[in-house]
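Asks: what follows is a predicted structure for the sequence shown.
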Amino acid sequence: MEKKIKYGIYPNPLPNEKGETTYQVRHEPNYTMDTREFLDHLEFHNRFDKAIMTSALIVLKDEIVEQLQDNKRFRIDGLGTFQMKVGLKTKVDDEGNEVKQVITNPKSITARDVEVTGVSFIPDPSFVRELKRHTAAKSTTVRGRVSGSSRYTRQQVVNFLDTYLEKNHFITRQALRANLGLSQHAAIKWLETLCNEESPKYVARKEGTTIVYRRYDKEASLP
């Protein structure tokens, strides 16, 4: 039985070389299946022993961690390859805010500056082919919206920003995404829109490699 791809249509943040808005499509998941649901599903459909499967998942997770810590990639045939991602450590400034390091001299980088930042996963080509074989190339649900920004009104976003900035000196795109559950494009769009109004309440400023946003009156008082 073919499954239907559920996707949304989103404008790209930047126009093309002709100044035109281009669009992309993204998957719109219904929800996230957790481990408990997964084990119940296996037990119901395949009659696997739940205790054995739970142990197998724990062993698999522990093995992936151990092999990545040994600076190896971990490949599961037919599924894909896991690899550790590393980067420069995040520092905490005098105000308690996390900021990315900016290093201009590569010789100054030492092991103390490096930390694990995540894990990358490269799917096996056969895994992708299997997914394509059982998935239709059309959707029963098309969402022509702008990256989830329609979930909030302007006033709701402004109310959140004002409350957040009463307790914090600035906000980043990542912080807005995390607090309001927005996509990266939606967070950028909201912040840029509010900073470019006729009488803007907020202003953007680049600090190192990060763009931070402050209330306009607070920014004006900075050197």
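Replies: Received it, and whenever you're ready, just let me know what you need.

Asks: and the longest helix seen in the chain, how far from the chain's centre?
Replies: Counting residues, the longest helix found in the chain (DSSP state H) is helix 50-69. Centre-to-centre, helix 50-69 and its host chain are 25 Å apart (CA atoms, centre = their mean, to the nearest Å).

Asks: now do the buried residues in it.
Replies: The neighbour-count check on helix 50-69 (16 or more other CB atoms under 10 Å) flags 53, 64, 68 as buried. In this view, the C-beta of every residue, glycine as well, is placed from N, C-alpha and C.

Asks: moving C-terminal of the helix or strand of the chain with the lowest mean pLDDT, what's the next helix or strand?
Replies: Every helix and strand in the chain was compared by mean pLDDT, DSSP states H and E; the lowest is strand 142-144, with a mean of 47. Later in the chain than strand 142-144, the nearest helix or strand by DSSP states H and E is helix 154-167.

Asks: got the buried residues for that following helix?
Replies: Neighbour count says helix 154-167 has 157, 160, 161, 165 buried, by 16+ other CB under 10 Å.

Asks: which pLDDT value belongs to the second one?
Replies: The model reports residue 160 with a pLDDT of 89.

Asks: then residue 170?
Replies: For residue 170, pLDDT reads 91.

Asks: number of nearby residues for it?
Replies: 22 (other CB atoms under 10 Å).

Asks: wait, what's in contact with the closest residue to residue 63 other than its chain neighbours?
Replies: Distance criterion CB to CB, 6 or more residues apart in numbering; nearest residue to residue 63, sequence neighbours excluded, is residue 74 at 7.4 Å. By CB atoms under 8 Å, 6 or more residues apart in numbering, the residues touching residue 74 are 63, 64, 67, 68, 81, 82, 83.

Asks: quick one: mean pLDDT for the helix or strand just after the longest helix of the chain?
Replies: Counting by DSSP H and E, the next helix or strand C-terminal to helix 50-69 is strand 74-76. Averaging pLDDT along strand 74-76 gives 96.

Asks: sheet partners, orientation included, of strand 74-76?
Replies: Here strand 74-76 has these sheet partners by DSSP bridges: strand 80-88 (antiparallel).

Asks: in the partner strand, what's buried?
Replies: By neighbour count on 16+ other CB under 10 Å, the buried set for strand 80-88 is 80, 82, 84.

Asks: any idea how far the residue lying farthest from the centre of the chain lies from residue 115?
Replies: Most distant residue from the mean C-alpha position of the chain: residue 47, 35.5 Å away (CA atoms, centre = their mean). For residue 47, the distance to residue 115 (CB to CB, to the nearest Å) stands at 43 Å.
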